[in-house]
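A.B. asks: Pasting the sequence and the predicted model now:
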Amino acid sequence: MKLVVVIPTFNAGRFLDPVVRRVIGSAGHEDLAVRIIDDGSTDDTCMVARDLAAADSRVGVITRVHNGGYGAAVKDGLQAARELGADVVACVHADGQYAPEELSRLLFRLKDFDLVQGSRVASGTALLGGMPLYKYIANRALTGLGNRVLGAGLSDYFSGYLVYGSRALREIHFASLSQSFDFDLEVIACARAQKLRVGEIPIPTHYGDEVSHLRPWKYGLAVLRVMWRYQRGHYHVR
């Protein structure tokens, strides 16, 4: 089984080296490739990524000249993974907020699901891990709405720590989805619309001094738009 780990990154040069090394140490796959997607960073992200690629042939770098958004970077990574012949793809964030060490547990759950997400909430430790209270409250409200509309029965729709099985890679039309942070929710919406199996596992969460580029109000409106489009059957069209 070929595993490709996609790491979208924007101005995360100080976190990238340890995250990539933890991914490689935790993946547990002989047939492994890592693709770092530098989304137009203005710090030393590109230099760090190229140093990692020079040190390990399993690591490659895709450089986007201009910042196109989180979803745009993930889509480039997914396309690269398909071209590499990936059977499974994992998306790991570059800032270390979600532990790469949980990757093997996420992969294991693919025996029962087509798409698996790490949940910051399922373990009940999100606030202890430093999740800001306003984010926690917004997450609970929007997750409740998500379960009413999408019906996946998840405890967290928004972590973005996703593992894609072969059917999800084959059947979801990623190119048509958002360029921004609501991309991951659209992936789940597509999976639900196309009768793919969506599951989750609890993951620990660490909120440190990383800089978030997500704008809460804009993201909240984007989430509501995804729910509205799902109800109108938008994601049911292959």
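C.D. replies: Everything's here; your move.
A.B. asks: Buried ones in the helix or strand harbouring L142, by neighbour count?
C.D. replies: Element membership of L142, judged by DSSP states H and E, is helix 133-149. Buried positions in helix 133-149, judged by neighbour count with 16 or more other Cβ atoms under 10 Å: 135, 138-139, 142-143, 146, 149. C-betas here are computed from N, CA, C, even on glycine.
A.B. asks: Residues in contact with stretch 113-122: which ones?
C.D. replies: Contacts with stretch 113-122, where a contact means Cβ atoms under 8 Å, 6 or more residues apart in numbering, come from 98, 102, 106, 109-110, 126, 129, 131, 136, 139-140, 143, 154-157, 159-165, 167-168, 184, 187-188, 191, 196-203, 205.
A.B. asks: Go through these and flag which are in strands.
C.D. replies: Using DSSP state E, the subset of the contacts of stretch 113-122 located in strands is 162-164, 198-202.
A.B. asks: a markdown table for those residues, including neighbour count and pLDDT?
C.D. replies: Output for the ones in strands among the contacts of stretch 113-122, formatted as a markdown table (neighbours: other Cβ atoms under 10 Å; pLDDT from 0 to 100):
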| residue | neighbour count | pLDDT |
| --- | --- | --- |
| L162 | 24 | 97 |
| V163 | 27 | 97 |
| Y164 | 27 | 98 |
| V198 | 22 | 98 |
| G199 | 18 | 97 |
| E200 | 24 | 97 |
| I201 | 18 | 95 |
| P202 | 18 | 94 |
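A.B. asks: Just name the closest of those residues to N11, please.
C.D. replies: L162 (21.8 Å; Cβ to Cβ).
A.B. asks: end-to-end on stretch 91-111?
C.D. replies: 18 Å (Cα to Cα, to the nearest Å).
A.B. asks: which secondary structure elements does the helix holding L142 contact?
C.D. replies: If you count contacts as 3 or more Cβ pairs under 8 Å, 6 or more residues apart in numbering; DSSP states H and E, helix 133-149 packs onto helix 216-231.
A.B. asks: Buried ones in the helix it packs on, by neighbour count?
C.D. replies: 219, 222-223, 226-227, 230.
A.B. asks: Compute the inter-axis angle for that helix and helix 133-149.
C.D. replies: 10 degrees (axes from the mean of the first three to the mean of the last three Cα atoms, to 10 degrees).
A.B. asks: by contact count, what packs against helix 216-231?
C.D. replies: By 3+ Cβ pairs under 8 Å, 6+ apart, helix 216-231 packs against helix 133-149, helix 183-193.
A.B. asks: any chance of the ones you listed in JSON lines, plus mean pLDDT and distance to A122?
C.D. replies: Formatted as JSON lines, the helices and strands packed on helix 216-231 follow (pLDDT from 0 to 100; distance: least, Cβ to Cβ, whole Å):
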{"stretch": "helix 133-149", "mean pLDDT": "91", "distance to A122": "11"}
{"stretch": "helix 183-193", "mean pLDDT": "97", "distance to A122": "15"}
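A.B. asks: Any idea which of those gets closest to K75?
C.D. replies: helix 183-193 (7.3 Å).
A.B. asks: which residues touch stretch 14-26?
C.D. replies: 5, 7, 9, 32, 34, 36, 43, 45, 48-49, 51-52, 56, 58-59, 92-96, 99-104, 210.
A.B. asks: Equivalent analysis for stretch 224-238, please.
C.D. replies: 145-146, 149-150, 171, 173, 182, 185-186, 189-190, 192-194.
A.B. asks: hmm, back to that, what about the contacts of stretch 14-26, which are in helices?
C.D. replies: When DSSP state H is applied, these are split such that 45, 48-49, 51-52, 103-104 fall in helices.
A.B. asks: Residue ranges in the chain under the pLDDT threshold?
C.D. replies: 28-29, 207-214, 237-238 (pLDDT under 70).
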